[in-house]
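>>> what would the 3D arrangement of this be:
(one chain, ligands or ions: 1)
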Amino acid sequence: MPENIPLLQTTDVDICIGDKVFARTLNLEVKPGQCWCILGRNGAGKTTLLHTLAGLHSPTTGQVRLEGNPVQTLARKYIAQRLGVLFQNQEDHFPATVMETVLQGRHPYLRSWQWESRTDRDIASNALTQVDLSGFAERDVQTLSGGERQRVAIASLLAQQPRLLLLDEPTNHLDLQHRIQILERLRDHTRKNATAIVMVLHDINLAARFCDHTILMSGQAQIRVGESRDILRTETLEQAFNYPLTALQTAHGKAWLPQ
Ligand SMILES: Nc1ncnc2c1ncn2[C@@H]1O[C@H](COP(=O)(O)OP(=O)(O)OP(=O)(O)O)[C@@H](O)[C@H]1O
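Predicted structure coming up:
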């Protein structure tokens, strides 16, 4: 892929469901090495936007491109080798081991009826180590805690090795230590491998600490897009969330407390 092509691009995208408008002429470019967050009020359309970026929801007008190609025209297998999506809730209707679940991330690279190779298993084991679950390979996913299950889902995406990760609330169910550790590892992986992340977060302090770009959704298609240092300002955040904040200076930069 030529280096100057963004991993993800939207051109004049409008997103509407019924009479609700979530985005108007949205233009953005996600480049290798970047970490983006989508922040905003409940119901502002964060998940709808993430699904639109993933090609799961068609924009009303405009176009979403994955590595330069319109996402709606691409084969699912081609997309799955380039794009990993974390949905809000993981549901396990059937018993499966943690290793089997993480190995699902390798399926875009297998032919029909082909078994996973030793290399696939090594990649999956390494992904489990990344999320602090190396002793869990043989556990049934249905027996895991919410935070453990969330980390298995993230391991499966790491095993998939896509160039772009779209994550809906990846810190859901995670304790304080794992929230920081997982976001740190995802960000470092992004920088090292020239991949990119777009993730929905509810915590503005995690967004400020880990994301270089922000999409701030205030509802009714009011969206600010840009570098986090320009978007994450006290007054802007107070307006977006309709709540007063106190700004603090920390070792990791600015942080905000609700008043
Ligand atoms: N298929 C649909 N039909 C009707 N309304 C929908 C549909 N999908 C989403 N909505 C509505 O659109 C709005 C935006 O939903 P979305 O899940 O994108 O919000 P969000 O910003 O992710 O919210 P939250 O912070 O609560 O997770 C909500 O009011 C939701 O009820």
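>>> spatially central residue for this structure, please.
Of all residues in the chain, the one closest to the mean position by CA atoms, centre = their mean is residue 167, 2.1 Å from it.
>>> surely it and residue 197 touch.
Yes: with contact defined as CB atoms under 8 Å, residue 167 counts as touching residue 197 (6.5 Å). All C-beta atoms are positioned from the backbone trio N, CA, C, and that covers glycine.
>>> which element is the residue nearest to the centre of the chain on?
Using DSSP states H and E, residue 167 maps to strand 164-168.
>>> mind checking how far that strand is from the chain centre?
2 Å (CA atoms, centre = their mean, to the nearest Å).
>>> give the buried residues for the least confident helix or strand in the chain by mean pLDDT.
Across the helices and strands of the chain, mean confidence by mean pLDDT, DSSP states H and E is lowest for helix 76-80: a mean of 90. Residues of helix 76-80 classed as buried under the neighbour-count rule (16 or more other CB atoms under 10 Å) are 79, 80.
>>> same question, stretch 210-223
Those would be 210, 211, 213, 214, 215, 216, 217, 218, 219, 221, 223, for stretch 210-223 by 16+ other CB under 10 Å.
>>> using PDB, list the CA coordinates for it.
Extracted C-alpha coordinates of stretch 210-223, given in PDB (Å, rounded to 0.1, in the frame of the first residue of the first chain):
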ATOM      1  CA  PHE A 210      -3.800   7.800  24.700                       C
ATOM      2  CA  CYS A 211      -5.400   9.400  21.600                       C
ATOM      3  CA  ASP A 212      -3.700  11.900  19.400                       C
ATOM      4  CA  HIS A 213      -6.900  12.700  17.400                       C
ATOM      5  CA  THR A 214     -10.500  13.200  18.600                       C
ATOM      6  CA  ILE A 215     -13.900  13.100  17.100                       C
ATOM      7  CA  LEU A 216     -16.200  14.900  19.700                       C
ATOM      8  CA  MET A 217     -19.900  14.300  19.100                       C
ATOM      9  CA  SER A 218     -22.200  16.700  20.900                       C
ATOM     10  CA  GLY A 219     -25.500  15.400  19.400                       C
ATOM     11  CA  GLN A 220     -27.600  16.600  16.500                       C
ATOM     12  CA  ALA A 221     -24.700  16.200  14.100                       C
ATOM     13  CA  GLN A 222     -22.500  18.700  15.900                       C
ATOM     14  CA  ILE A 223     -19.000  17.100  15.500                       C
END
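>>> how far does that stretch sit from its chain's centre?
The answer for stretch 210-223 is 14 Å, by CA atoms, centre = their mean.
>>> tell me the SS of residue 154?
Here residue 154 is recorded as helix under DSSP: H, G, I helix; E, B strand; the rest coil.
>>> could you report the pLDDT at it?
Note for residue 154: predicted pLDDT of 97.
>>> contacts only, for the closest residue to it other than its chain neighbours.
Leaving aside its chain neighbours, residue 154 sits nearest to residue 131 (5.4 Å; criterion: CB to CB, 6 or more residues apart in numbering). Counting by CB atoms under 8 Å, 6 or more residues apart in numbering, residue 131 touches 151, 152, 154, 155, 158, 182, 185.
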